[in-house]
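**Student:** can't give you the sequence, but here's the structure:
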């Protein structure tokens, strides 16, 4: 018998939860199993999950194959119908020790093959299960799960449930433990991070959590926040951006598009001017800040003129790190029923957005040459600046250390020191 094998797809939160599942499975004594933690963000992600399941079954014919994650939550019957699959468990169930004890104790298949409850009835999040994960340099801490919004292109609320928050005290204690273990950087992560606190007593905001962490964990050198919805950023978070050097000057914005009509059809809560205004305000408060952004190319009904507004937004918000998503219809979402854009046009627009992103990256890199940066080393030869830019070192450095370095040049999409 052997330890279970885990395969993870999709977002950072999924990777975090895989680490938690490994611990739960180990505690339960689960052996000779393959666990696939799926993603449902696009139809392509579900297709890839099915493909990986078939490959893993061929590679491990004797193992019990368990499927979980967002695709398992939204389409349990799809995976239960696959002959390769022995069990399907939902996103709530995968975080329960009892689920894994059942899987371990009962290998002949008497447990229910599908254990997927109504995710919308879940009111707690299991963010406290593990003390971060990642490299020796950076730890990720889940502070929120689920989403209360219903963007027309997105299936994720049906995989993750409604928004729920990890209480601030639990988060602070966890980060203290991580700092004691030697982590120099902590990243706060969630599905809809800026909704943190809405379900907690006194409804605190994300900015309150950030300020509290920085105050109560003075030994934490660097705090980072992952993807945020700029329209929901609160005053305290802006204050932290302005006054807290330990809060890293890099924000990943969930923008999705640059045209007001498309943003309305997406059911987003901001317009293009809101995005531009936020970027300008944040940059005025913190001149060295860089922005990443998610942008979808070829959303249904998108005309060339509408697409041009997304292209212009890249420069108007001065975005640096773009995540470009060619639109693909997700069955079960309102957008899937809207008039589609031609596939070739989607591909071509996505390529133009990526090219615009590349130009922005090069501009950013060129501006760093000759400057001095504090770089968190991810391995002996590569680390990241506060703005999340990769720096390559000729001489080996201590992994996990923060190294002050002068930037000497550029190599591809990396700086050199």
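**Tutor:** Done, it's in. Since this is a predicted model, take the numbers as computed values, not measurements.
**Student:** the helices in the stretch 1-150 of the chain, which residues?
**Tutor:** 12-28, 43-59, 70-74, 76-80, 97-105 (DSSP state H, counting those that start in this stretch).
**Student:** Return the most buried member of those helices.
**Tutor:** Mean neighbour count, computed with mean count of other C-beta atoms under 10 Å, is highest for helix 70-74 among the helices of the stretch 1-150 of the chain, reaching a mean of 28. All C-beta spots, glycine's among them, are computed from the backbone N, C-alpha and C.
**Student:** Let's test this: mean pLDDT of that one, rounded?
**Tutor:** Average pLDDT, helix 70-74: 90.
**Student:** Show me what it is packed against.
**Tutor:** For helix 70-74, the helices and strands in contact under the criterion 3 or more C-beta pairs under 8 Å, 6 or more residues apart in numbering; DSSP states H and E are strand 33-38, helix 43-59, helix 76-80, helix 156-160.
**Student:** okay, these in TSV with distance to residue 340 next?
**Tutor:** Listed next are those as TSV, based on distance: least, C-beta to C-beta, whole Å:
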stretch	distance to residue 340
strand 33-38	25
helix 43-59	13
helix 76-80	23
helix 156-160	21
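**Student:** Where do the strands of the stretch 151-300 of the chain begin and end?
**Tutor:** Counting by DSSP state E, counting those that start in this stretch, the stretch 151-300 of the chain forms strands over residues 164-165, 185-189, 222-225, 250-256, 290-297, given from the N-terminal end onward.
**Student:** Export the ones you listed to TSV and append columns for mean pLDDT and distance to residue 385.
**Tutor:** Rendered in TSV, the data for those read as follows (pLDDT from 0 to 100; distance: least, C-beta to C-beta, whole Å):
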stretch	mean pLDDT	distance to residue 385
strand 164-165	92	30
strand 185-189	93	12
strand 222-225	96	11
strand 250-256	96	9
strand 290-297	96	9
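**Student:** sorry, back to before: out of the helices of the stretch 1-150 of the chain, which is closest to residue 221?
**Tutor:** Residue 221 lies closest, by C-beta to C-beta, to one member of those: helix 12-28, at 20.6 Å.
**Student:** Touching the closest one from outside, list them.
**Tutor:** 3-4, 6, 8, 33, 35, 37, 39, 68-70, 91, 94-97, 99-101, 103-105, 126, 129-130, 133, 140, 142, 145, 189-191, 226 (C-beta atoms under 8 Å, 6 or more residues apart in numbering).
**Student:** List buried residues within those.
**Tutor:** 4, 6, 8, 33, 35, 37, 39, 68-70, 91, 94-95, 99-101, 103-104, 126, 129-130, 133, 140, 142, 145, 189-191, 226 (16 or more other C-beta atoms under 10 Å).
**Student:** Check which helices and strands the longest helix along the chain is in contact with.
**Tutor:** Residue-count comparison of every helix in the chain, with assignments taken from DSSP state H, identifies helix 343-368 as the longest. With contacts defined as 3+ C-beta pairs under 8 Å, 6+ apart, the packing partners of helix 343-368 are strand 290-297, helix 304-316, strand 321-326, strand 409-411, strand 414-416.
**Student:** Residue 208: which of the ones you listed is closest?
**Tutor:** Using C-beta to C-beta as the measure, strand 290-297 is the one of the helices and strands packed on helix 343-368 that comes nearest residue 208, at 22.7 Å.
**Student:** Note down every partner strand of the closest one and its orientation.
**Tutor:** According to DSSP bridges, strand 290-297 has the following sheet partners: strand 250-256 (parallel), strand 321-326 (parallel).
**Student:** Minimum distance to residue 113: which of these has it?
**Tutor:** Of all those, it is strand 321-326 that lies closest to residue 113, at 33.3 Å by C-beta to C-beta.
**Student:** how far out from the middle of the chain is that closest one?
**Tutor:** Between the centre of strand 321-326 and the centre of its host chain there is 13 Å, according to C-alpha atoms, centre = their mean, to the nearest Å.
**Student:** same check, this time on stretch 165-182
**Tutor:** Its chain's average C-alpha position is 19 Å from that of stretch 165-182, according to C-alpha atoms, centre = their mean.
**Student:** And for stretch 234-245?
**Tutor:** When distances are taken as C-alpha atoms, centre = their mean, stretch 234-245 is centred 22 Å away from the chain's centroid.
**Student:** I would like the residues contacting that stretch, please.
**Tutor:** 194, 205-208, 210-211, 214, 223, 247, 249, 251, 281-282, 285-286, 289.
**Student:** Only the buried subset of these, as a ChimeraX command please.
**Tutor:** To isolate in ChimeraX the members of these that are buried, counting by 16+ other C-beta under 10 Å, one can use:
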select :194,205,206,207,208,210,211,214,223,247,249,251,282,286,289
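**Student:** can you tell me which of the contacts of stretch 234-245 are in helices?
**Tutor:** Filtering the contacts of stretch 234-245 for membership in helices, criterion DSSP H, returns 206-208, 210-211, 214, 281-282, 285.
**Student:** Which pair in these has the greatest spatial separation?
**Tutor:** 214 and 281 (20.3 Å).
**Student:** Next, the buried residues of the helix or strand following the longest helix of the chain.
**Tutor:** Of the helices and strands lying after helix 343-368 in sequence (DSSP states H and E), the nearest is strand 372-379. Neighbour-count burial for strand 372-379 flags 373, 375-378 (criterion: 16+ other C-beta under 10 Å).
**Student:** per-residue confidence averaged over whichever helix or strand comes after strand 372-379?
**Tutor:** For strand 372-379, the succeeding helix or strand toward the C-terminus, using DSSP H and E, is strand 382-384. Averaged over strand 382-384, pLDDT sits at 96.
**Student:** Likewise for stretch 55-65?
**Tutor:** Mean pLDDT, stretch 55-65: 92.
**Student:** Then stretch 30-42?
**Tutor:** In this model, stretch 30-42 has an average pLDDT of 90.
**Student:** Kindly report the same for stretch 387-406.
**Tutor:** Mean predicted confidence for stretch 387-406 is 96.
**Student:** One more: stretch 354-361?
**Tutor:** Summarised as a single mean, pLDDT over stretch 354-361 is 96.
**Student:** in it, what counts as buried?
**Tutor:** Of the residues in stretch 354-361, 354, 356-357, 360-361 count as buried by neighbour count, 16+ other C-beta under 10 Å.
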